[in-house]
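Trainee: Fold the stuff below for me.
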Amino acid sequence: MVRAAVTLEKKGIPSVVLACEGFLGQAHDTADGLGMPNLPLAMEPGHVNLKTKEELERNTQAVTLEGVIKGLTVQPSEGKLRPEPNPGILCLKALLRR
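Mentor: Numbers count the residues shown, from 1 in each chain. Below you'll find the model as predicted:
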């Protein structure tokens with residue numbers, strides 16, 4: 001869903017990524033990697049597969065909807081891309097963990 005939102009944003013179509021709470025970090029990292037660190041995200045508390053229809057509706061109205069509205073109506077701050085890690089350091093860390 002992040003890749004689709006980035007594609008739409010680059011075409012000038014505002015979008016918001018819906019992500020379950022446990023996947024927010026992955027969504028942020030993916031948006032970062034695609035060059036859009038300020039991509040709006042709206043969180044769904046918990047995981048949708050573990051909720052009843054009523055819980056999902058209640059959470060969506062109480063939490064997620066606010067994030068969607070904000071993501072579509074408020075200009076996000078200028079995001080900063082995180083620098084790429086040094087490949088040599090990553091390899092060294094991997095070797096030291098063995």
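Trainee: What residues sit buried inside the one helix or strand L24 maps to?
Mentor: According to DSSP states H and E, L24 maps onto helix 24-33. Buried residues in helix 24-33, defined by neighbour count with 16 or more other CB atoms under 10 Å: A27, H28, T30, A31, D32. In this view, the C-beta of every residue, glycine as well, is placed from N, C-alpha and C.
Trainee: how about the nearest residue to the second one, chain neighbours excluded?
Mentor: So that's H28. With CB to CB, 6 or more residues apart in numbering as the criterion, H28 has its nearest non-adjacent residue at 7.0 Å, and that residue is L41.
Trainee: got it, and the fourth one?
Mentor: Once its chain neighbours are removed from consideration, A31 has its nearest residue in L39; the separation is 4.0 Å (CB to CB, 6+ apart).
Trainee: Now do the contacts for the one you found.
Mentor: L39 makes contact with V2, A5, V6, E9, S15, V17, A31, P76, G79, according to CB atoms under 8 Å, 6 or more residues apart in numbering.
Trainee: Sketch out the low-pLDDT regions of the protein for me.
Mentor: Residues of the chain meeting the criterion pLDDT under 70: 81-98.
Trainee: mind running it again at 80?
Mentor: 76-98 (pLDDT under 80).
Trainee: Which parts of it are helices?
Mentor: 2-10, 24-33, 53-59, 65-73, 87-96 (DSSP state H).
Trainee: Quickly note the distance from the residue most central in space within the chain to P45.
Mentor: Centroid check for the chain by CA atoms, centre = their mean gives A27 as the closest residue, at 3.1 Å. Using CB to CB, to the nearest Å, A27 is found at 15 Å from P45.
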